[in-house]
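Chemist: fold the following and give me the result.
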Amino acid sequence: MTIDGSAGVTFPDGTQQAKSQQGAAFSVYRNTAQTISTFATVAADVKEYDTANAVSAGVFTAPVAGYYQFNGYAGGATTPSTSQIRFSKNSGAAFYSGNYMTGTANAVSCSALIFLNAGDTVQMQLQLGTSQSISTGVGGNFFQGFLARAA
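Modeler: Residues are numbered from 1 along each chain as shown. Below you'll find the predicted structure:
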């Protein structure tokens with residue numbers, strides 16, 4: 001692999017990634033109350049960073065086509081209940097699902113490597129068995145992602 005500070009990266013197979021395609025990375029979280037029961041997008045209201053300005057209210061929009069790594073964590077703030085987290089691509093089916101948790105544990109996490117075309121969206125959604133506010137702050141929930149490799 002060759003890294004050129006002005007042009008980008010050349011991989012061993014000869015493919016190249018332009019410098020403009022290397023910067024999509026974000027970390028967001030919800031810092032104010034949001035009540036959830038059925039699957040709903042965790043509407044992030046704080047950005048730790050968003051290098052491509054690609055996240056709005058918890059919805060990431062891919063600036064370029066490629067393979068994106070997503071990580072998420074969330075749960076209820078008060079009542080232990082069944083919890084599930086997922087990443088929804090283009091508001092579609094929940095085929096990127098996290099764990100079900102029951103009992104005293106309320107928080108769940110999920111990670112996925114997802115191919116996106118430019119303009120595709122991904123949002124982290126949470127479902128709680130008991131309607132309640134989610135845990136807030138960066139320790140209570142987060143949604144993160146980055147471009148692992150451009151298409």
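Chemist: sketch out the low-pLDDT regions of the chain for me.
Modeler: For the chain, the stretches flagged by pLDDT under 70 are 1-8, 17-22, 93-105.
Chemist: and the helices in it, which stretches?
Modeler: Ranges of helices in the chain, per DSSP state H: none exist.
Chemist: do I have it right that residue 82 meets residue 106?
Modeler: No. Using CB atoms under 8 Å, residue 82 is not in contact with residue 106; the gap is 9.3 Å. For glycine as for every other residue, the C-beta is placed from the backbone atoms N, C-alpha and C.
Chemist: so between these two, which is more surrounded?
Modeler: residue 106 (24 against 15; other CB atoms under 10 Å).
Chemist: still on that earlier bit, overlap in contacts of residue 82 and residue 106?
Modeler: Common contact partners of residue 82 and residue 106 (CB atoms under 8 Å, 6 or more residues apart in numbering): residue 128.
Chemist: how close does the residue lying closest to residue 27 once chain neighbours are set aside sit to residue 61?
Modeler: Excluding its sequence neighbours, the residue lying closest to residue 27 (CB to CB, 6 or more residues apart in numbering) is residue 48, at 4.1 Å. According to CB to CB, to the nearest Å, residue 48 and residue 61 sit 18 Å apart.
Chemist: neighbour count for those two, which is higher?
Modeler: Neighbours per residue (other CB under 10 Å) separate residue 48 from residue 61, with residue 61 holding more: 17 against 12.
Chemist: give the contact list for that one.
Modeler: 54, 55, 119, 120, 121 are the contacts of residue 61 under CB under 8 Å, 6+ apart.
Chemist: wait, isn't the first one in contact with residue 62?
Modeler: Yes. Here residue 54 reaches residue 62: they are 7.1 Å apart, a contact under CB under 8 Å.
Chemist: need the residues touching each of those two.
Modeler: residue 24.
Chemist: those two - which one has more neighbours?
Modeler: residue 62 (22 against 19).
Chemist: what's near enough to touch residue 37?
Modeler: Residue 37 sits in contact with 127, 128, 129, 130, 131, 132, where contact means CB under 8 Å, 6+ apart.
Chemist: ugh, wrong one, residue 111
Modeler: By CB under 8 Å, 6+ apart, the neighbours of residue 111 are 69, 70, 71, 72.
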